[in-house]
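[1] what follows is a predicted structure for the sequence shown.
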Amino acid sequence: MEENKFKHSIKVPTQYRRVAAVLKAALERKKSLKSLIFEEKHARLRGMQAILKQYIDNRGVIDEAITQTKILEENPRLSSALCKILVTELIFGRKKLIGESKPVLTVSQYREKLEANLGGAVDTKNIKVLKPRYVRVNTNLLNMADVFEMLAMEEWRKKNVADPRSYNDFLEAIRELEEDEYMVDMHLEDLLIFHSKQKHYWACHPYVKEKKLMLQDKGTCLVAELLNPPPGAFVLDMCAAPGMKTIHVSNIMKNKGKIYAVEQNIERYNLLRNMTNLAGCEIVDSINADALTIDSNRCPNVEYILVDPSCSGSGMQNRMSLDPDEKDPARLKRLAGLQIKMLSHALKSFSNVKRVVYSTCSLYEEENEQVIQRCLELNPQFKLLSGKKALRNKWNNVGNSNYKNIGKNCLYTKPDQDHADGIFIAILEKRQSKGNDE
Ligand SMILES: C[S@@+](CC[C@H](N)C(=O)[O-])C[C@H]1O[C@@H](n2cnc3c(N)ncnc32)[C@H](O)[C@@H]1O
């Protein structure tokens, strides 16, 4: 009795208690995980986010291991949310628990059973391969030779993936990347790939702060690459802030020509101006306006257009959501309506336009294939180009084949397969006909 009392009096560390409370509230659907974390004033917020993210990424196997080991059944006083957090930290996080409180001791006692249960899962595809750290070189400020020299000085080992190789071989090489190695991407010669454990290192790197290197995921880099405007071209970026793709487009154009970069939101517009200035873009004309009001009077000679509108963000891997597949149909309908308006405006309003690239960071067909289908119905003077062909057929994920002549021509990066955020890309080109010539 005395001993029990003593053990109970040791408090569970605040961090575990707070993070378990957040998870409990989110699971009970009191609020979204994101807003709960936002409200949290606890100093160790970063650690809290890390545990929650690990739980979200491995939720299926963690919940299953807790059920299989009967830890909750055999310890009815242990709260389910706290158990989930402690198991996550013990198996996926720091691999040790702080203190000697009763819940900590209980979960620690089950370590072997949990590991045995999760052991099988570790070797299967149940546990997500962590996304690597993609680092893109801003060639406005730095050339590739200087980057390779800097990396050699920092003692990074370059892993050479001999060409030609299949895309699947390349993905395999990413999975096998060592912590001190890096690779050059097979589709983008200015994109470097590092082990996922190097995220913090690169987030703090002075070259990243100086915008010489951009922390930019693979899928979003493909967008500018597929628009591919030549130096000297006139480009319109309709939804530009914070400016990651604007900067990439200026790199592709070798900082020659013109990019009209439009952003509606004033704070984001200021961010866009700041980012593009720091990134050495000399050809960007930033415009604070609703892109739907922009025409060829304000932006003459536009030949290439990038349409990257606001979307649900369902493809983003760092989203803090317990239910990434949960759809909000009303929100999707509203977003899709705006996306169709935006893309249709791009297709209709600029007489010199040759190519338009539409992209979202969503995996929902409502914002992707369906938007393209509707816009092509409304604008038959445009056709879709095959994104896969543009990548020399070295690609796997395309759109849904139920959308005839549309799905197969669109590209997806899928988080579990391409080791990148989920991105959708469609390339539209104006048909060559006398009636379309200006
Ligand atoms: C997905 S973000 C763009 C990301 C950006 N292309 C990049 O790569 O950094 C969409 C942006 O479009 C802006 N936006 C939404 N509707 C707009 C409109 N009607 N006109 C101009 N900008 C708009 C949003 O404020 C947001 O900053």
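    Structure's in. What do you need?
[2] is residue 134 in a helix, a strand, or coil?
    strand (DSSP: H, G, I helix; E, B strand; the rest coil).
[3] where does the stretch 51-200 of the chain dip in pLDDT?
    119-129, 162-165 (pLDDT under 70).
[4] now residue 52: how far from residue 87?
    13 Å (Cβ to Cβ, to the nearest Å). Every C-beta, even on glycine, is put in place using the N, C-alpha and C of the backbone.
[5] correct me, but residue 118 touches residue 60?
    No: contact criterion Cβ atoms under 8 Å: residue 118 and residue 60 do not qualify, at 10.9 Å.
[6] show me which of these two is the more surrounded one.
    More crowded of residue 118 and residue 60, by other Cβ atoms under 10 Å: residue 118, with 21 against 11.
[7] and the residue found closest to residue 203 once you drop the neighbours it is linked to in the chain, what pLDDT?
    Leaving aside its chain neighbours, residue 203 sits nearest to residue 215 (6.8 Å; criterion: Cβ to Cβ, 6 or more residues apart in numbering). Note for residue 215: predicted pLDDT of 96.
[8] what's the burial count for residue 215?
    That count, for residue 215 with other Cβ under 10 Å as the rule, works out to 14.
[9] ok, now which ones touch it?
    Residue 215 makes contact with 133-136, 202-203, 208, according to Cβ atoms under 8 Å, 6 or more residues apart in numbering.
[10] pick out the most distant pair among those.
    136 and 203 (14.2 Å; Cβ to Cβ).
[11] the more surrounded of the two?
    Shown here are residue 136 and residue 203; by other Cβ under 10 Å, residue 136 has more neighbours (23 against 11).
[12] so who does whichever residue of the chain sits closest to the ligand touch?
    Closest approach between the chain and the ligand, counting by Cβ to the nearest ligand atom: residue 239, at 3.1 Å. Residues near residue 239 by Cβ under 8 Å, 6+ apart: 262-264, 291, 306-310, 342.
[13] ditto for residue 250
    Applying Cβ under 8 Å, 6+ apart, the residues near residue 250 are 140, 259, 276, 279, 281-284.
[14] and those residues as TSV, adding distance to residue 73, secondary structure and neighbour count?
    Below are the contacts of residue 250 laid out as TSV (distance: Cβ to Cβ, whole Å; DSSP: H, G, I helix; E, B strand; the rest coil; neighbours: other Cβ atoms under 10 Å):
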residue	distance to residue 73	secondary structure	neighbour count
140	60	coil	18
259	61	strand	29
276	58	helix	26
279	56	coil	22
281	60	coil	25
282	66	coil	11
283	65	coil	23
284	61	strand	25
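[15] in helices, which of the contacts of residue 239 fall?
    Using DSSP state H, the members of the contacts of residue 239 that fall within helices are residue 342.
[16] and the contacts of residue 239, which two are the farthest apart?
    264 and 306 (15.1 Å).
[17] which one's more surrounded, these two?
    residue 306 (27 against 18).
[18] bridging residues for that one?
    For residue 306, the beta-bridge assignment (DSSP bridges) gives partners residue 237, residue 357.
[19] which residues touch it?
    223-224, 227, 235-239, 245, 249, 356-357, 359.
[20] just residue 410 next, same as before
    Contacts of residue 410 by Cβ under 8 Å, 6+ apart are 368-369, 372, 384, 387, 398-399, 424-426.
[21] could you rerun that using 10 Å?
    358, 368-369, 372, 384, 386-388, 397-400, 403, 424-427 (Cβ atoms under 10 Å, 6 or more residues apart in numbering).
[22] okay, now the closest residue to residue 99 other than its chain neighbours: neighbour count?
    With Cβ to Cβ, 6+ apart as the criterion, residue 99 has its nearest non-adjacent residue at 5.3 Å, and that residue is residue 13. Counted with other Cβ under 10 Å, the neighbours of residue 13 add up to 16.
[23] where does residue 13 land on pLDDT?
    Per-residue pLDDT puts residue 13 at 89.
[24] that one against residue 48, yeah?
    No: with contact defined as Cβ atoms under 10 Å, residue 13 does not reach residue 48; the gap is 11.8 Å.
[25] so what sits against both of these two?
    Contacts common to residue 13 and residue 48, judged by Cβ under 10 Å, 6+ apart, are residue 19.
[26] related to what we said a few turns ago, could you flag which of the contacts of residue 410 are buried?
    358, 368-369, 372, 384, 387-388, 397-399, 403, 424-427 (16 or more other Cβ atoms under 10 Å).
[27] cross the residues you listed against helices and list the overlap.
    Using DSSP H, the buried ones among the contacts of residue 410 in helices are 369, 372, 387-388.
[28] quick one: which of those residues is nearest residue 147?
    residue 387 (27.4 Å).
[29] returning to that earlier point: from the contacts of residue 239, which are also near the ligand?
    Among the contacts of residue 239, the ones lying near the ligand by Cβ under 6 Å from any ligand atom are 262-264, 291, 308-310.
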